[in-house]
Structure formats: C-alpha cells, structure tokens
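[1] Curious how this folds, go ahead:
(one chain, ligands or ions: 1)
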Amino acid sequence: MTKYVELDVRSEIGEIEGVILHTPGSEVENMTPENAERALYSDILNLSVAQKEYKQLSGSLNEITQTYQVKELLANILKDDKVKEIVINKVCKIEPDLAIKGNTYCIKDTLLDQTAEDLASLLIEGVTLTRDNLTKFLSKERYAMRPLHNFFFTRDASMSLGDEVLIGKMANAVRDRESLIMQAIFDYTPGFKAKTVNPIDNPNMDPNCMIEGGDVLIAREDILIIGNGTRTTTQGIDFILAQLLSQKEEKPRHILVQELPAHPESFIHLDMVFTLLDKDKCMVYEPLIIRPNKYQTVHITIQNGKVVNIRNENNLLQALKKLGMELKPIYCGGTKEPWNQEREQWHSGANFFAVGPGKVVGYARNIYTMEEMNKNGFEIIPADHVISHKVNLADYEKYVITLEGSELPRGGGGARCMTMPIRRKAVNW
Ligand SMILES: NC(=O)NCCC[C@H](N)C(=O)O
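    Predicted coordinates for the structure are as follows:
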C-alpha cells in the first residue's frame, strides 16, 4: 500500500479514486450441478474464460484509478498475529463447525498454522475435507470450509456510504464470510481510514435484517436509492434509516425504496435493473422502472432525526425529478423489443459501473443496450483498446468501456457488482 486513503463516496458517478476488486480464482469453479444453486449460481463458470474477461475489467480500471485486490489486502492484515486470531475466531463464530473439536469439519488449528498468504487463500478458496475417518470418508461434502464462490462480486458484502462502510448482512449464509473479511480489511488495514458499521453488532438488530450492496445506490449526497427484494429486506432498509436518523442532520435527506420482483434471479439487486450513468442519464430496465406495475416506489424524507414524510411515488424517475434530479432513461435491451430487453437484462445489461460522470463500464454482449448508449452519445470502447493504449480515454467526454462478458454474467452480475468503490471525487452538479 503506497498511501493513506480516506474513504469517501457520496455519489454513484463521481470520478473514481479507488476501487476494491477480487480476481476470480478456483472458488468460482468449485461447485457441482447439484450444489450450484446453493452457491447462488445458475451455471458453473469456465475459470480461464472468466479470468480472461475479468482482466479486461481490472486492466482497464488499473489505467483509470488505484485498484486494490481483496486477497492482497487480506493477506496484509493477517500478517499481524492478533488480527489473524481475531479473524479466525470470528470465522469460527459464524461457521461453528470449524471450531468444535472432534467435529468432522473442525479445522481451526489448520487455519491458525497457515502463513498470512496461505490463510488468505484458504479463507477465500475454501479447505477441502481430509477424509481420514469413516464419517469424513462417507461425507457428501467436498469442503470442510466452503469456497466463497461469489466474492468477485465485491459490491455486495460492504458498501461505502460517505466516509463510513456499511457491512452487508447477506441474505444467504454462503456469502457471510465475505462480509466478515471486508470488515476486517476496513478495520485493520493501516492505509485505510474508515469507520465500519455492521448490523450484527447492534444487539437490537431485527432478525430479518438483510442488506446487500447491489441494492444500495447513492444518487446524490442527500438521496439514497435502495432496492427491496430477495436480498435487502424492509428491516434492512429500516436499519439504514435508523443510522441516518441518528445523525440528526438539519438538511432533509431522502431514501427512495424500489420494490423488486422475487423472480427471475436476475432481479436480485436494484443495480440489475437501474444504474446511474451521468449527471442527467440513467440505465433502466423499462418494464420495471418506468412502465406502471405492481412494484411500489416509496419515498422517505428525514430531517432533524425524524421521518417527516413517507409516501408512495409513481416511479423512481418521477420521484428523482421532484428532488431536482431529472434523468433521461436509456433502455436496457433497446426501446423496441421486450424480448431483447428481457434477454439483455438477464445478462446484466443494466449493470453499469461509473468511473466518472458519463464514463462507464459494461458488457459488450448486450448489443441492443450498447446501441442505445451509442445513440445517447456514449463512445463504445473495447476494454482491450484501453489496456493496449490504442485509445486515449481523455479524448472522450462520454464512453462505455466494454468487457466481452460471455462468461462473467453467468455468475449473476456485471461491472457494478464486481466493483467496490472506496473513494470518488465530488460531482460538480
Ligand atoms: N450486485 C449484484 O447484483 N451482484 C451479483 C451477485 C450474484 C451472486 N451470484 C449472488 O447471487 O449473490
């Protein structure tokens, strides 16, 4: 780590100054058709293709900003023996089988024996079960500690809100260790200055509280947009609301809640149907965000530590307009065919990551979406051209850097899901 970084994220689109990534490793392949669903995948990824595509993301972001890799950050904090013990104890608390002596899956001592680098790898890639007794021999499990198949979606397990980091309360236990690792990284990396807030540290946490970063968007310093669906519950949103109320700010702040369908699984997070692209443009999956439907949009206004108003709105764009944010929607899958909209939404076509106002990253495979982006003034630039310096990004006012995206979307997400911004410049609205 070269310099001291103060976390600061107050928009979705401010010029990026630091982002946490995780290059997918063996953990994404290590599943079978039988347990792919438990891993939250609809298919098993081909690792070499996924890594090639991922290099397009990390390589182009390296040209633009400071990037950090989870595994390196983790290995770095685990060099301190006290931190190593704290992390292992916490892992054993959420996965008690790892610590109970005599238990088939007990590997606490194995974890303690590892070097920092090896431990970081095992905590992410998992530990295979040593079949040295009958129970283990007959066990259907391959792992004593399961791999974190979804960790390359660094967006979800922690989220930067201003100068704080909210730790995700994951909807599925298979992702819990991701949250724990991210909190440890923010709490113990000497080069990061950030306060972490973890719902599980609150003794009064509602047992139904769930919050994942793919659902939490910072539209403007005073406006959060939060998806309410299978991954973020109303109780999770109320936790965020309570945090904001406790700040007792005089200026009004707004939470816009967008209800999401439970099916298909491509609607898991709000960022799969709505992302911000520029000061005046957003990407939408039109059938859900604009067309009248049964999914509610609720506007909560808070001021001086109180909820001063809570009401339904017609839709997200109208609610934003009332708050002075008039956004032109660009349609995922184009404007003509619901068929193309559905297909491209499924392949994370609406999931853009902004590296600055009007400067975004997305998947090339979603050709109708890209056509719309181009019609709206965005230059389409393949990531390889950025990495090989065939183009100079400074020559373009608006662009989409495109990742091929034939394999990565099969994990269930796109460029926004794969990035955890820790610092952005203020937007000149
Ligand atoms: N923000 C996102 O939409 N993240 C994608 C997460 C996909 C992952 N397979 C999951 O189901 O959690």
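[2] burial of the residue of the stretch 151-300 of the chain found nearest the ligand, as a residue count?
    Across the stretch 151-300 of the chain, no residue is closer to the ligand than Gly214, which sits at 2.3 Å (Cβ to the nearest ligand atom). C-beta: built from backbone N, CA, C; applies to glycine. Neighbour count of Gly214, defined by other Cβ atoms under 10 Å: 24.
[3] residues in contact with it?
    By Cβ atoms under 8 Å, 6 or more residues apart in numbering, Gly214 lies in contact with 153, 155-156, 227, 231, 268-272, 413, 416-417.
[4] and if you look at Met370?
    By Cβ under 8 Å, 6+ apart, the contact set of Met370 is 362, 364, 380, 400, 402.
[5] mind redoing it with 7 Å?
    Shown in contact with Met370 (Cβ atoms under 7 Å, 6 or more residues apart in numbering): 364, 380, 400, 402.
[6] Residues of the stretch 201-350 of the chain that sit close to the ligand?
    214, 268-269, 271-272 (Cβ under 6 Å from any ligand atom).
[7] low-scoring stretches of the chain, by residue?
    For the chain, residues meeting the criterion pLDDT under 70 lie at 1-3.
[8] could you redo the last one with a cut-off of 80?
    Along the chain, segments meeting pLDDT under 80 span 1-3, 34-35, 37-38.
[9] ok, so what distance separates the residue of it positioned farthest from its centre from the ligand?
    Most distant from the centre of the chain: Leu134, at 40.5 Å, with distances by Cα atoms, centre = their mean. Taking Cβ to the nearest ligand atom, to the nearest Å as the measure, Leu134 falls 35 Å from the ligand.
[10] What separation do you get for that residue and Tyr105?
    Using Cβ to Cβ, to the nearest Å, we find Leu134 at a distance of 15 Å from Tyr105.
[11] before we move on, what about Ile44?
    Taken as Cβ to Cβ, the span from Ile44 to Tyr105 is 23 Å.
[12] And what about Ile88, helix, strand or coil?
    Look at Ile88: counting by DSSP: H, G, I helix; E, B strand; the rest coil, its state is helix.
[13] neighbours around Pro292, how many?
    For Pro292, the neighbour count with other Cβ under 10 Å is 7.
[14] again but with Gly411, I slipped
    24.
[15] so what's the closest residue in space to it that isn't next to it in sequence up against?
    Spatial nearest neighbour of Gly411, excluding adjacent residues (Cβ to Cβ, 6 or more residues apart in numbering): Leu45 at 5.9 Å. With contact set as Cβ under 7 Å, 6+ apart, Leu45 has these partners: 28-29, 407, 410-411.
[16] between those, which has the most around it?
    Going by other Cβ under 10 Å, Val28 tops the contacts of Leu45 with 27 neighbours.
[17] Understood, closing this out.
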